[in-house]
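In: Sharing a model that was predicted from the sequence below.
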Amino acid sequence: MAIVLILSLSRNCYIVATCSGKEWKEWALTSMFDWSKENIPAIKKELEKEKRKIQNDIASRKTKDARKKETPLYSLPQQGRSVDDVMKELVQSGQNDNEQWKQGRVSGSVYLSSENDDEGHTNLMSTAFAAYSWSNPLHTGLWPTLDRYETEVIRMTASLVSSSGRTGNETNRIHGTMTSGGTESIMLAIKAHRDFYGTRRSIQYPELICGSTAHAAVDKACELMGIRKVVVQCDPSPESVRKKITVNTILIYASAPNYPQGTIDPISDLSAIALKYDIGLHVDACLGGFVLAFAQQLPQYSSLIPKFDFTNNPGVTSMSIDTHKYGYASKGTSVVLYRDACLRQAQYFPYANWTGGLYSTPTFAGSRPGALVACAWAALVSIGRDGYADRARQILETSQQIVSSITRMKDLHVLGGFRDGDEAKPQSSLQIPTMVVCFASDTLDIYRIGDCMEKRGWSLNALQHPASVHICVTLNTVRCVDQFLEDLKASTAQAREEGANKCKEGTAAIYGTASRLPQAVKDLLRIYTDMTMLSD
């Protein structure tokens, strides 16, 4: 008992000594709110009022959903429907649901074009999926060709960020696994570093350092794995990261680029720090890997894109790259890569005491859809290096066109690129081009502008801290960029004309609630998730 008390006391002393003022403030406010919402009627009433407001807003949006026009199923039909009948409904509903993204008015989400050769690419994905629709990589050896496809997808992806991958050099070969998406790739990399560095150094309370723009998958991993997330505001500058390193630090997390503003963290500087302190460095290139790697080969962009790969940064220990984004594979595949085979092994889950036999999986999942592995392989080998380079060129040229136009629009400015302390400054049209263009306003409600764009048929991404909106440029955006800029200009003018007294609705209302009741956000997000799942 005495030993337990001593360990507990030492842990608490460490927390007191290392937690920042912001962390203490957040903990105190959250604790106070959790108590107040259950014990103070006025706060409980206000929270219920905001919940109903969000429920009504989401419900009003979903009345346009085609699924609401049909009687929902609550149980299995007594007799099965004919195959022709089922196929007819699937084809019709698919055509209806695909209408918006095929118009090119969506940020990210679907990355290929709905026109020309990409229709053939969709057919290729369907054929590849059908060929292996019953396969499961959990059963190794049962589909030997599929096993080879998976290995080749990993090696082809590794070749984008490692010279040894391109030559087949076994001495310094990059190792990896396929996953279900970027979130799983990031979480597995964090698990691998926790087990590899934490176990070998007897770290009981591991810590991870990342910038405030890090993907939410980092928070998910830290919450599930008992890791303390140490945040550096904005992009993680080398000196600010160095000051946060302790004996419990297992990993630095960096983005190339980050999702919110599309900026690239200083990978080379962070690599030097990781080497000096012998800790891990993960580069999240889930979004940008397939674009930035080929952009570095284009003369007009090669000098602007910083080196973010294994070859040029010896301190990088792992990377994640999504094949289902700009790799143009069907949704549900990503690749996580490791410099060292032992680090990859640390992500595995081996279990020797199950009554069902010896058990080991490389990722979180047990069974996995082998059909998606086949789709990823088919996408990579059918497009090839020249095809990816051409697509990267189109995307970056479109991105830069949007940046150049927004910088000339009244009341709008682009975030990312140049930074001065914690303040985001307007981005130069030649400053580190990526596929993300993030913009904000100092004079207008940017969320209101986003809502105006939504009414014009666009689906953009609302962001916070700072309040902003971004568009993730895809091949669909390329063909309708002029319409986007025209609608953005009109939406900004509409928001300017309406003024600050306009009743907030849609995204503006939701983010307004979040700013007034920041501690209530998690409860409100649960309501939102319930509504999106049609759980009632």
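Out: Nice, I can see it.
In: from here on, contacts and neighbour counts on C-alpha atoms
Out: Noted.
In: quick one: the helices in the stretch 401-536 of the chain?
Out: 446-455, 475-479, 481-498, 506-516, 521-532 (DSSP state H, counting those that start in this stretch).
In: Hmm, I typed the wrong one, I wanted the stretch 251-400 of the chain.
Out: Under DSSP H, counting those that start in this stretch, the stretch 251-400 of the chain gives helices at 267-277, 289-295, 341-345, 370-406.
In: do you know which of the ones you listed lies nearest residue 355?
Out: Residue 355 lies closest to helix 341-345 among these, at 23.2 Å (C-alpha to C-alpha).
In: buried sites along the closest one?
Out: Buried positions in helix 341-345, judged by neighbour count with 16 or more other C-alpha atoms under 10 Å: 343-345.
In: Which of the helices and strands in this structure ranks last by mean pLDDT?
Out: Across the helices and strands of the chain, mean pLDDT, DSSP states H and E gives its lowest value to strand 419-420, namely a mean of 33.
In: now the buried residues of helix 341-345 as a markdown table including pLDDT?
Out: Formatted as a markdown table, the buried residues of helix 341-345 follow (pLDDT from 0 to 100):
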| residue | pLDDT |
| --- | --- |
| 343 | 96 |
| 344 | 97 |
| 345 | 96 |
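In: Could you dump the helices of the stretch 401-536 of the chain into a markdown table with mean pLDDT and distance to residue 32 added?
Out: Converted to a markdown table, these look like this (pLDDT from 0 to 100; distance: least, C-alpha to C-alpha, whole Å):
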| stretch | mean pLDDT | distance to residue 32 |
| --- | --- | --- |
| helix 446-455 | 94 | 29 |
| helix 475-479 | 93 | 45 |
| helix 481-498 | 95 | 37 |
| helix 506-516 | 57 | 15 |
| helix 521-532 | 74 | 14 |
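In: As CSV, those helices with mean neighbour count would be great.
Out: Converted to CSV, those look like this (neighbours: other C-alpha atoms under 10 Å):
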stretch, mean neighbour count
helix 446-455, 22
helix 475-479, 22
helix 481-498, 17
helix 506-516, 17
helix 521-532, 15
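In: Output these in CSV, with distance to residue 364 appended to each entry.
Out: Below are the helices of the stretch 401-536 of the chain laid out as CSV (distance: least, C-alpha to C-alpha, whole Å):
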stretch, distance to residue 364
helix 446-455, 37
helix 475-479, 32
helix 481-498, 39
helix 506-516, 33
helix 521-532, 23
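In: Quick one: closest of those helices to residue 110.
Out: Using C-alpha to C-alpha, the nearest of the helices of the stretch 401-536 of the chain to residue 110 is helix 475-479, at 8.3 Å.
In: Please tell me how far that closest one is from the chain's geometric centre.
Out: 21 Å (C-alpha atoms, centre = their mean, to the nearest Å).
In: what does stretch 239-254 contact?
Out: 190, 193-194, 197-198, 203-211, 214, 230, 232, 236, 265, 267, 270, 273-274, 279-284 (C-alpha atoms under 8 Å, 6 or more residues apart in numbering).
In: quick one: pLDDT of the most centrally placed residue in the chain?
Out: Residue closest to the mean C-alpha point of the chain, counted by C-alpha atoms, centre = their mean, is residue 215 at 5.6 Å. With respect to pLDDT, residue 215 scores 96.
In: One more: the one 3 residues further on?
Out: In this model, residue 218 is scored at 97, pLDDT.
In: What distance do you get for the residue lying closest to residue 114 once chain neighbours are set aside to residue 394?
Out: Counting by C-alpha to C-alpha, 6 or more residues apart in numbering, residue 102 is the residue found nearest to residue 114 once chain neighbours are left out, at 5.3 Å. Going from residue 102 to residue 394 by C-alpha to C-alpha, to the nearest Å gives 18 Å.
In: Ok, residue 462 next?
Out: For residue 462 relative to residue 394 (C-alpha to C-alpha), the value is 24 Å.
In: Over to residue 410?
Out: 27 Å.
In: just residue 189 next, same as before
Out: For residue 189 relative to residue 394 (C-alpha to C-alpha), the value is 31 Å.
In: So for those two, which sits in the more crowded spot?
Out: Between residue 189 and residue 394, residue 189 has the larger neighbour count (other C-alpha atoms under 10 Å), namely 30 against 17.
In: helices or strands up against whichever strand or helix holds that one?
Out: Taking DSSP states H and E as the criterion, the element that holds residue 189 is helix 182-193. Counting by 3 or more C-alpha pairs under 8 Å, 6 or more residues apart in numbering; DSSP states H and E, the packing neighbours recorded for helix 182-193 are helix 216-225, strand 249-255, strand 280-284, strand 318-322, strand 334-338, helix 341-345.
In: Can you give me the neighbour number for the residue lying closest to residue 255 once chain neighbours are set aside?
Out: Computed as C-alpha to C-alpha, 6+ apart, the closest residue to residue 255 that is not its neighbour in sequence is residue 284, at 4.6 Å. Using other C-alpha under 10 Å, residue 284 has 30 other residues around it.
In: Dig out what residue 284 forms beta bridges with.
Out: residue 255, residue 320 (DSSP bridges).
In: My guess is it contacts residue 256. True?
Out: Yes: checked against C-alpha atoms under 8 Å, the pair residue 284 and residue 256 is within contact range at 5.9 Å.
In: Report the separation between the residue nearest to residue 197 when sequence neighbours are not counted and residue 177.
Out: Spatial nearest neighbour of residue 197, excluding adjacent residues (C-alpha to C-alpha, 6+ apart): residue 250 at 5.9 Å. The gap separating residue 250 from residue 177 is 21 Å, by C-alpha to C-alpha.
In: With residue 210 instead?
Out: Where residue 177 is concerned, residue 210 sits at a distance of 23 Å (C-alpha to C-alpha).
In: Neighbour count for these two, which is higher?
Out: Neighbour comparison, residue 210 and residue 177: the larger count goes to residue 210, with 24 against 21 (by other C-alpha under 10 Å).
In: Need the three-state assignment for that one.
Out: Secondary structure for residue 210, judged by DSSP: H, G, I helix; E, B strand; the rest coil, is strand.
In: wait, what's in contact with it?
Out: 229-232, 236, 252-254.
In: surely residue 372 meets residue 328?
Out: No: under the criterion of C-alpha under 8 Å, residue 372 is not in contact with residue 328, lying 11.8 Å apart.
In: Tell me where the model's unsure across the stretch 251-400 of the chain.
Out: Judged against pLDDT under 70, the stretch 251-400 of the chain has no low-scoring part.
In: if we can go back for a sec, and the helices of the stretch 401-536 of the chain: which comes nearest residue 315?
Out: helix 475-479 (33.6 Å).
In: who's in contact with the closest one?
Out: So helix 475-479 is contacted by 101-106, 111-114, 391, 394-395, 398 (C-alpha under 8 Å, 6+ apart).
In: how about 7 Å then?
Out: If you take C-alpha atoms under 7 Å, 6 or more residues apart in numbering as the criterion, helix 475-479 is touched by 104, 111-114, 394-395, 398.
In: on that earlier part again, backbone dihedrals for the residue nearest to residue 114, please?
Out: The phi/psi pair for residue 102 (degrees, to the nearest 10) reads phi -70, psi -20.
In: What count of nearby residues applies to it?
Out: Counted with other C-alpha under 10 Å, residue 102 comes out at 16.
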